[in-house]
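Trainee: Kindly return the folded structure for what I paste below:
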Amino acid sequence: MKYQFAEFVFDARTRELTSEDGGVQLLQPKVAGVLAALAAAHGQQVSKEDLLRDVWNGVAVSDGSVARAVRLARLAVGDSYRDSALIATSWRQGYRLNVPVRILEALPGPASGGAGEDSSRPAVGAAGSGTPGQGYLAADAAGP
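Mentor: Next up, the predicted model:
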């Protein structure tokens, strides 16, 4: 699926987050999973339990793993916990996107090779090095 929200286009299949200025970030798989879950909810609350089930596939991880993935998703969209213009936290309830979300493209089934297995992309830090305009956000948002 491809989603448009605020000044971003997010392709959940490729994990690419593109800003309106053309900058592209390749998100770490768990971070992309969190952003995809929030976008798919269209502004509705997504609980931590929903994220654990859908993004971590029910694997037991610490609460910090979810919080870290959300923090990195916020970083990717230029948001912060204190100024959560795009990704809001409802204390002990979950998370949601604070902006309208449009589906740009709905594709059936997973992409060949699956998300997170594209070794042709450089794995660089959030600040980016490697390919101009493309950064890899976070090494691993904890958990398997």
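Trainee: Can you pull out the low-pLDDT segments for this structure?
Mentor: Counting by pLDDT under 70, the chain shows low-confidence ranges at 107-144.
Trainee: packing partners for the longest helix along the chain?
Mentor: Ranked by residue count and defined by DSSP state H, the top helix of the chain is helix 63-76. Packing partners of helix 63-76 (3 or more Cβ pairs under 8 Å, 6 or more residues apart in numbering; DSSP states H and E): strand 24-27, helix 29-40, helix 48-54, strand 87-90, strand 134-137. Bear in mind the C-beta positions are built from the backbone N, C-alpha and C, glycine included.
Trainee: CA atoms only for the longest one - export them in CSV, please.
Mentor: The C-alpha coordinates for helix 29-40 follow below in CSV (Å, rounded to 0.1, in the frame of the first residue of the first chain):
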residue,chain,number,x,y,z
PRO,A,29,11.2,-2.9,9.0
LYS,A,30,9.6,-2.5,12.4
VAL,A,31,9.5,1.3,12.1
ALA,A,32,7.8,0.9,8.7
GLY,A,33,5.4,-1.6,10.2
VAL,A,34,4.4,0.9,12.9
LEU,A,35,3.9,3.6,10.3
ALA,A,36,1.9,1.3,8.1
ALA,A,37,-0.3,0.3,11.0
LEU,A,38,-1.0,3.9,11.9
ALA,A,39,-1.6,4.9,8.3
ALA,A,40,-4.0,2.0,7.7
